[in-house]
Every structure is written in structure tokens, then in C-alpha cells.
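Peer 1: Starting from these lines, generate the structure:
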Amino acid sequence: MSTATEQPQPSPPTVAVAPASTIATRTDDQPSASDTPILSKTNRKVMLYNCLKHDRAKDVQKIINRNISPDFDKKIVIQKLRKPCGNSWAIVTLQEEEMVQMFIDLVNGNSSDWTNKRGGIIRADRQDQDDNDNDNDNDNDERTERTRNDDKKRSIAVDCDDNGSSRKRPKVKHGFLSADEVRDRITPYWRLSTAEQLDKKQKEMIRKCSMSIIKEIKTVFRTREKEMKRNKHVKAIPMYEWVGKRKAINVDKIISSPTQFEYRNKCELTFGYRYLQSQATVGGNPEPSVDAKIPAVGYMTSGWSGGVTKPHSCPNTPTEACGVADILDDFLSSSPIPPYDPKLHVGLWRCVTMRFSHRTNQCMIIVMHAPSKGGAGAKEDGSDDYSEYFESERKRLIKVLTEKPIPLPQRDYAGVDMTMIKGDNAEEDSAERKALLKVTSIFFQEYGGLSAPGPDHPVEHMYGNDYMEEVLGKCTFQISPGAFFQVNTRGAETLYNVVVKQIQQIAPSEPEKVLLLDVCCGTGTIGLTCIKEGVAGRLLGVDVSGPAIKDAKINALKNWPDSSCSAHFVASRAELVLSKEIRIAREKYNVTNIIAVVDPARDGLHPDVIKTLRATGMIQRLIYVSCNPTKSLVRDAAMLCAPPSKKYPGVPFYISSASPVDMFPMTLHCEMVMTFDRLNETSASEEKEKKQSASAKASEDHEIVMTIGDQRNETGAPEEKKKQSLILIAGGEDEVVDV
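Peer 2: So this is what the prediction gives:
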């Protein structure tokens, strides 16, 4: 790019641009926008920087018209121009992708002509996915809705150009990433000691979980109070005493994971292209630069448009996953079928899921791919049809994965304190990993959608066993390809021990009269573990996933071959069957105590499930195992503990304990086991009477003060009213009423 001191170049600008005939020429493996469905505009967008903030789109258009000669009108066609007010950038959407580089060269090659009204030089660059994220921000109302459903809403990719936002996000670096940069994105706490990690997560659970829950509950009471003033039919409900305490929720000391290093038993890697780093000489000094990329598998550390990176430098990833990644890299280097392109939606190989068990020496691999005849962006001429090679390549892939044990490559752990990470359990970890694992199951999954398939999407079994097994505690569990299982096996044992202790606190001496209600039971890991530990005699598991319930029934038979386990699993929505199944269990087995355990996904519980749990008065204790304690747990806990309403009837719960468990060392995430006990109806009514009595006392004192205020002094003027404060104790908080 030229500097401001260089001589002006003649207009119209002259740049080194390939002739039109060259641009029109392409090979079959380089699709153009003209014959490919335009599913994403990012590859046709150019960012113009250093525009004036008060400029509008028409002002930027004048600069473009001034510098583009008539010869370029046919080569560069601008489809759309957007310039948000208050921002110093503009987005230009071109008609075809081939025009992008021509336009960038035109702008950056003639800096003296491309200037704003103040003489500042305008520069151009391709828009990456992160700039597109800024472009896709919705208005304030939509952002509010997205806050309520954060994980679900943020996962939807939308191409919207109409509503801009000035909110800035950190720019993600694309291209080659160093080992430290990869670790910073996958395991951001890798530089901290275990004690420092636990301290940060402990404070996070107090500040963003427990305090946020109390804030949400108080907001419900304040809203109810405002409604009462507007509508006389709304009954006054005093704030519960436990909510007003200084430490309403007592958060226990966080429990550390037994395994700090290579603890994941499941890894998902994406097929894509990995950037290579070479040494380029700049001014006589070697300087790293990106010059090529190769097909590979890895983590998407730079977003879906930034390529993939090798997992070898991530300390939470098992070495076996790195070995499988090396095998797949070698396979892709000689495969005629390219990886899937999420921009153009062409290509075949999409992602690979790996599950490992060192306790049973098993490994399951699931390869997801687009349809062999082409994905959603396939060209009409059939050049994206890979069905000719697919069957032979699939057989070759199975062969390279199964002919030898999984290799254990050298890991890149430069700068990582291994003694700090491995901790006291290093010897036990190494004992479990004596034998080399072999691939025991291979599945292929065809998916032609644009995002990701659901857990029940069908798979095709191609090699080995139909499932894999894992030992957790005293039980052995069967795991199907789409089933959920905790990614940290030894950490899950610690997590479930906390659940068992919470059940033991209120379990009677006769556990056979205790009915454990396992909502969102999945494959039955929590419920069957509690039955094995002897804290409950009956188990009712409910899950909406049919395959998961099928695995749960098999797991019950696998661990109790004599059918002595009193477990019943139902594949249905919990709100449809809970009342009926609980009534049947009480009549048939004469149970006297019902304890509920819920372990939902990151989205949390459905509102109808919360409504059913609140309305089922026989549930006196609810144990909530949350993998998203700072978001979905906050919302669900507020609904469980809020005062009764038409939408959420029944006596509410109160939070008796909260136990965080560090299931994911070196990351930002943490599990929370929160215990809810049913609020006593008698104590709730007493609080209401106390509140009404205090309010009546305040009204009487208010009338007395008003009478005194109406008295006159010697001059006949009204006496100045004295401001008095009546302290009312209600719900554990001091309310000051001015009269």
C-alpha cells in the first residue's frame, strides 16, 4: 500500500488485474458463485476501513464511483453497500467472489485517490467470519431474547444485513496458530495451578450462580408487588425468609477432578484445512508467514472459517485422539474426496467423534459425512458427485483405522508444568493406560443439513461391536453412538458421589420405600449408580430419547442379571407421564419418600417439566445436576423457588445446598450439584401472616402520624411533618417505610 507522501497516481486508476477472460476461466475444483448456490455471502464481502463515522452509505458510494473507471464497471459489480452510522467501516457485497480481490487491489493500490473527506486513506480487506458476526447482530429486543436462550440462540447462523450493531467483539486470528495460542483457546486455564483454577471457579459459582439466583428470585417478588398495586385481585406474598438472608445459598468448597490431565473420554474433531507455517525472509530477517494449507482434522479454534488445528498441544485431550487424528491426516493426503466446506457447503468429510475407555480397552469412532452425491451447495453439473470414490474410500478408511493399534504420538507440551497438571493421580492414570487401544467400533453417519444432526440421527454400523462399554463406579454401562455420557469418567464418579450423599441425608432406614425419580435419565447412569449404592430401592427413569431409554434398560439388566433391580424406564416427555407413574409406584410398591434427580442438557429444563415438578407435592427433595450453572440453572432455580402463580402452581422449593465439582480442569466450565427442598406450607403461611400483621401495624402508625401532621401552630400554618421510619422485618430483609 502506498503512503500519504507518495505522488498521486493518474485517474482512472491503473492496477495489475487479470483480464476478464482469465477471471472467467476456472477448474472443476474451484466453484464460482455463478454455478454454486449462494448460501453464505461472507466470501463476497469486502470491508472498507477508515471511513468517517458520520458518513452514510451514499457518501461511501460517491468515493467508489469517483475511483472506478467505466472499464471496471463490467468487472466489478457492487450488489450491496452498507455503512452503519457511528462506525468507521463499511461493507461492500460484490456480485461474484472473483471480484473481491480485484476490488481490494483497486482500493489498496491507489491509496492517494481512495481517501475520505478529511484526507484519511481508506483501505480494504476481506471480511472474515468474525466481522460477519458483528454484521449479524440483531437489535436490542432480539438480543434480550437471545440472552434468555443464550446457548441455543447463539448457535444459529443467520446472514442478516439489515440491522447493524456497534458492539465490538474480540477479533479471532485466522491462519497458523502456535501451540500456546491453541491451548489458550481450548484450555484457557492451562497456565494456572490447580489451586488457582479452583479458586477462580469457586468465586465464579458464588458471583454468577448463587448470587444471580437470589437476584432473579427477588425480581419475581418485586414484580409481584407491582402487579398487586395495579390489580387488587393479586394476592400479596411476603418474600421468603431464606431469600433475605445474607448468605441465602451456601456454596460448598469446590471439589477437584481426580484426573487433571488427558481426562476426556470423548473428542470431536472437524474435517477441514490446516494452515502451514513457513519462514519468509523480510528485510533479511526470517519472519513467519502463512503460505499453504492442507486437508486435515482438528479443533476449530478460529471459527468455522478459520481452518482446523492439531489437537496435540491440548493437555485435556487424550493421546489416543491425537493418534487417530494423525491416521486421518495421512488418509486425507491421498484421498480424492475433499473435506466439507462450511461456506459453500460442498465436499464430503464433515467431522469425526471418538470415544475411549481404558477400563474396557475399547474405542468407538463415528465419521459424519455429507451425501456422496453432493451436499446442500452441490453444483448442478454433478462435478461434486463423489459416489464413484465413496465406497472404496470408506473401505480404505476402515482398514487404516483398524489394521494396527492406535499410535501414541509425541505431544507438544512445551511450557506446560506436567507435575502440576498430573497431580497426585499420575500413577493411577498411567496404570489405566498400559495397553494400547484398538478401534472396536466404527459407524458412518450421513447428514446433508447445514448445521448439526440431532442425537437420534441414524448411523450406519460398519465395523466391530454395535456399542462400547465403560465402567463407572460399581456399574458397567453400554454406550450407543448417539448416547450421552460424561466426558470425564473419574470426574463423573466424584460427581455422582455428591448426589448419593444428598439422597442419604433424607433417605429412611428402609431404602426399598424410597422412589428415585430420574428425569432426563439418558442411559440411566445416575439412577442405577444410586440403586447400586443402596440409597434408593425403586427407580423411575424418564427421558425423551428412545435410544437412550433402550440403553438404560439394557444397563439395568447388565448390572442385575437376576432382574433384582426395581427400575422402570419410560421414553416420553416428563410432564406427560410423571403424575401417572408416581401414582402407580405409590400404589404398587407402597413408597413413602420420593426424591427427584434432574441432569438436563445445557439448555436446562423445559418450563413444562418445572411446572410438573412443582405441582407434584410428593417430591420433597430435588437434586439438580447442571453443566451450565451460570445460565440455565439460574433461570430454572428461580422458577422452582418463585412464589406460586397460575403458570407455576404448587409449594415452591428452597435451596439447601450447592456443591460445585470441577469436571473440566483447565477450562472455564464447571458442574454444579444444587439441592432443592420443598418449602414447608405451614412456615410459608406463618411468614404471610407475619407480613400482614407488620403491614397493619405500619398502617396504624401512619394514620397517627398523619393526624399529628394536620395540627396547626400558633400562626395557623401547618406544622412541619417529621419524617419517621418504621422498620419492618419481613422475609429476612429490613424495609424502611417513610410516613
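Peer 1: Poorly predicted segments of the stretch 301-450 of the chain, please.
Peer 2: The model of the stretch 301-450 of the chain has pLDDT under 70 over residues 415, 417-434.
Peer 1: Now do the helices in it.
Peer 2: With DSSP state H, counting those that start in this stretch, the ranges of helices along the stretch 301-450 of the chain come out as 319-333, 387-402, 418-422, 426-432.
Peer 1: Give the buried residues for the first one.
Peer 2: Spelled out, it's helix 319-333. Residues of helix 319-333 classed as buried by neighbour count (16 or more other C-beta atoms under 10 Å): 319-329, 331-332. All C-beta atoms are positioned from the backbone trio N, CA, C, and that covers glycine.
Peer 1: Tell me the one of these nearest Cys521?
Peer 2: The nearest member of these to Cys521, counting by C-beta to C-beta, is Ala321 at 28.0 Å.
Peer 1: which residues touch that closest one?
Peer 2: Counting by C-beta atoms under 8 Å, 6 or more residues apart in numbering, Ala321 makes contact with Arg264, Cys267, Leu269, Pro311, Met354, Phe356.
Peer 1: who wins for most neighbours among those residues?
Peer 2: Using other C-beta atoms under 10 Å as the neighbour test, the contacts of Ala321 are led by Phe356, with 27 neighbours.
Peer 1: That residue contacts Gly323, correct?
Peer 2: No - with contact defined as C-beta atoms under 8 Å, Phe356 does not reach Gly323; the gap is 10.4 Å.
Peer 1: strand partners of the lengthiest strand in the chain, parallel vs antiparallel please.
Peer 2: In the chain, taking DSSP state E as the definition, the longest strand is strand 266-282. Note on strand 266-282: by DSSP bridges, its sheet partners are strand 285-298 (antiparallel), strand 349-357 (antiparallel).
Peer 1: relative to helix 319-333, how tilted is that strand?
Peer 2: Taking axes from the mean of the first three to the mean of the last three C-alpha atoms, to 10 degrees, one finds strand 266-282 and helix 319-333 inclined to each other by 60 degrees.
Peer 1: avg pLDDT for strand 266-282?
Peer 2: Strand 266-282 comes out with an average pLDDT of 79.
Peer 1: what comes up buried for that strand?
Peer 2: For strand 266-282, the neighbour count (16+ other C-beta under 10 Å) marks Lys266, Cys267, Leu269, Thr270, Phe271, Gly272, Tyr273, Arg274, Tyr275 as buried.
Peer 1: so how far is Leu540 from Val591?
Peer 2: The gap separating Val591 from Leu540 is 10 Å, by C-beta to C-beta, to the nearest Å.
Peer 1: and of the helices of the stretch 301-450 of the chain, who's closest to Pro607?
Peer 2: helix 319-333 (37.7 Å).
Peer 1: C-alpha coordinates for that closest one, PDB please?
Peer 2: Provided in PDB are the C-alpha atoms of helix 319-333 (Å, rounded to 0.1, in the frame of the first residue of the first chain):
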ATOM      1  CA  THR A 319      -3.100 -39.100  23.300                       C
ATOM      2  CA  GLU A 320      -5.200 -41.700  21.500                       C
ATOM      3  CA  ALA A 321      -7.300 -38.900  20.000                       C
ATOM      4  CA  CYS A 322      -4.100 -37.400  18.600                       C
ATOM      5  CA  GLY A 323      -3.100 -40.800  17.200                       C
ATOM      6  CA  VAL A 324      -6.500 -41.100  15.400                       C
ATOM      7  CA  ALA A 325      -6.000 -37.600  14.000                       C
ATOM      8  CA  ASP A 326      -2.600 -38.500  12.600                       C
ATOM      9  CA  ILE A 327      -4.200 -41.500  10.800                       C
ATOM     10  CA  LEU A 328      -6.900 -39.400   9.300                       C
ATOM     11  CA  ASP A 329      -4.400 -36.700   8.200                       C
ATOM     12  CA  ASP A 330      -2.500 -39.400   6.300                       C
ATOM     13  CA  PHE A 331      -5.700 -40.700   4.800                       C
ATOM     14  CA  LEU A 332      -6.900 -37.300   3.600                       C
ATOM     15  CA  SER A 333      -3.500 -36.500   2.000                       C
END
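Peer 1: burial of Lys532, as a residue count?
Peer 2: Lys532: 15 neighbours (other C-beta under 10 Å).
Peer 1: Kindly confirm whether my reading is correct that it touches Leu472.
Peer 2: No - under the criterion of C-beta under 8 Å, Lys532 makes no contact with Leu472, lying 10.1 Å away.
Peer 1: No further questions, thank you.
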